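Q: any chance you can model this:
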Amino acid sequence: MTDHDTIRAEICVPTTDLKADLAFFGEVMGMRLDAIFPADDPAVAVFSGLGLNLRLDQGQGGPPGLIRVLTDDAEFAGGEPVLKAPGGTRIEVHPLNPPLELPPTEHAFVVRRLTDGAPWVIGRAGMHYRDLVPTRLGGSIIASHIRIPDGGPVPDMVHFHKVGFQLIFCYRGWVDVVYEDQGGPIRLTAGDCFIQPPEIRHRVLEASDGIEVIEIGVPAQHVTEIDHEMTLPTPDLRPDREWQGQRFVFNQAEGAEWQPFRLSGFVARDTTIAANTHAVADVKVVRKGGGDPVRSRHDADILFGFVTQGTMTLEGEGKLPQSLVAGDAFVIPPGMATLWADPSDDFELLEVALPGAFETQPV
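A: Below is the predicted model of the structure:
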């Protein structure tokens, strides 16, 4: 094992004016000068600080270096967002903890079929990802169909996501995950779901062969950070803890009660996600019920559906009817009149709505 106390790395950047850079990096950037040579005509200086070791070399060719400084100190370097060292190095100052930006939704009617042949992309921890909303509605949402072909231990680390909302719905198989302040490992099986509140630490431990989950994230582009300090499980069990106003949810399909759905002709089971996120989102699992489906409109910003089993025909205002089967997904924009027609007896669908409180009107 490497002894990290006996090894050091340096970032090497060229400089065209080492003498002037000595004052800039020491006084403006607040870094510490650790070495300089040769003594009679210095050409190299080594600084430390800001989380890095920096080697300025007057004899090194190439384009100027770029340093990104992350800080929430508004007074750092005089408050300037961009600086240029005398020797050419560019410094950009960015927030250490930037606020989460939710881009406006670019509404669209979207249908994504499993038979479309969209590629499965290998992502984090060797998981395979299929994009269910290719346009991502202007960056407002990402919906992924994720699978792990070979079961067993997952090469994951304790991490968290800087998101506004995140759902994990188990489509097939099972997966074991451990969460901060939620006790020991929890097994998610088909039909179950997790809400991962913003920045809750967690780690995927093990999965069955052929595990498949549906993951919804808002916004589409969000940062995943590794927590090298936390060990899971944590010693405290805090089921009522909130992260940015949201509680962790583990909702199980077994024993769920089915109630009339917002659309005639269907029933649904509530995952309690609307209540536990203060209506940031609502997630329901829908089945065919009694009565005939009717055409309707909704005013949700985002309404996403994923067929988990059975079939139906989605009729959209001004659109050709879309025959949907298990593995197909869709997005219905607000204000569009639609009809969920001809559901099969075994029809079942995952519906995700943002925000969680919205209205549906028959037309």
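Q: three-state assignment of Asp274?
A: Asp isn't right for residue 274; it's Ala. Secondary structure of Ala274, reduced to three states by DSSP: H, G, I helix; E, B strand; the rest coil: helix.
Q: neighbours of it, how many?
A: 18 (other Cβ atoms under 10 Å). In this view, the C-beta of every residue, glycine as well, is placed from N, C-alpha and C.
Q: same question, the one 5 residues further on
A: Taking other Cβ under 10 Å as the criterion, the count of residues near Ala279 is 15.
Q: ok but it is inside a strand, no?
A: No: for Ala279, which was evaluated using three-state DSSP, the result is coil, with no strand membership.
Q: neighbours of the nearest residue to it once chain neighbours are set aside, how many?
A: Closest residue to Ala279 apart from its sequence neighbours, by Cβ to Cβ, 6 or more residues apart in numbering: Gly356 at 3.7 Å. The criterion is other Cβ under 10 Å. On that basis, Gly356 has 19 neighbouring residues.
Q: now Ile7
A: Other residues near Ile7 number 7, with proximity taken as other Cβ under 10 Å.
Q: quick one: the helix-or-strand element of the chain with minimal mean pLDDT to chain centroid distance?
A: Scoring the helices and strands of the chain by mean pLDDT, DSSP states H and E places strand 121-122 at the bottom, with a mean of 82. Distance of strand 121-122 from the chain centroid (Cα atoms, centre = their mean, to the nearest Å) equals 16 Å.
Q: which outside residues touch it?
A: Contacts with strand 121-122, where a contact means Cβ atoms under 8 Å, 6 or more residues apart in numbering, come from 128-131.
Q: same question for stretch 243-260.
A: Identification of contacts with stretch 243-260 by Cβ under 8 Å, 6+ apart yields 165, 179, 181-182, 186, 188-200, 239-241, 267-273, 276-278, 280, 285, 287, 289.
Q: where along the stretch 101-250 of the chain do the helices fall?
A: Counting by DSSP state H, counting those that start in this stretch, the stretch 101-250 of the chain yields no residue ranges for helices.
Q: any weak-confidence spans in it?
A: Counting by pLDDT under 70, the ranges of the stretch 101-250 of the chain that qualify are 124-125.
Q: mind running it again at 80?
A: Filtered on pLDDT under 80, the stretch 101-250 of the chain yields the residue ranges 117-119, 123-127.
Q: just the buried ones among the contacts of stretch 243-260, please.
A: Neighbour counting with 16 or more other Cβ atoms under 10 Å marks 165, 179, 181-182, 186, 188, 190-198, 200, 267-273, 276-277, 280, 285, 287, 289 as buried within the contacts of stretch 243-260.
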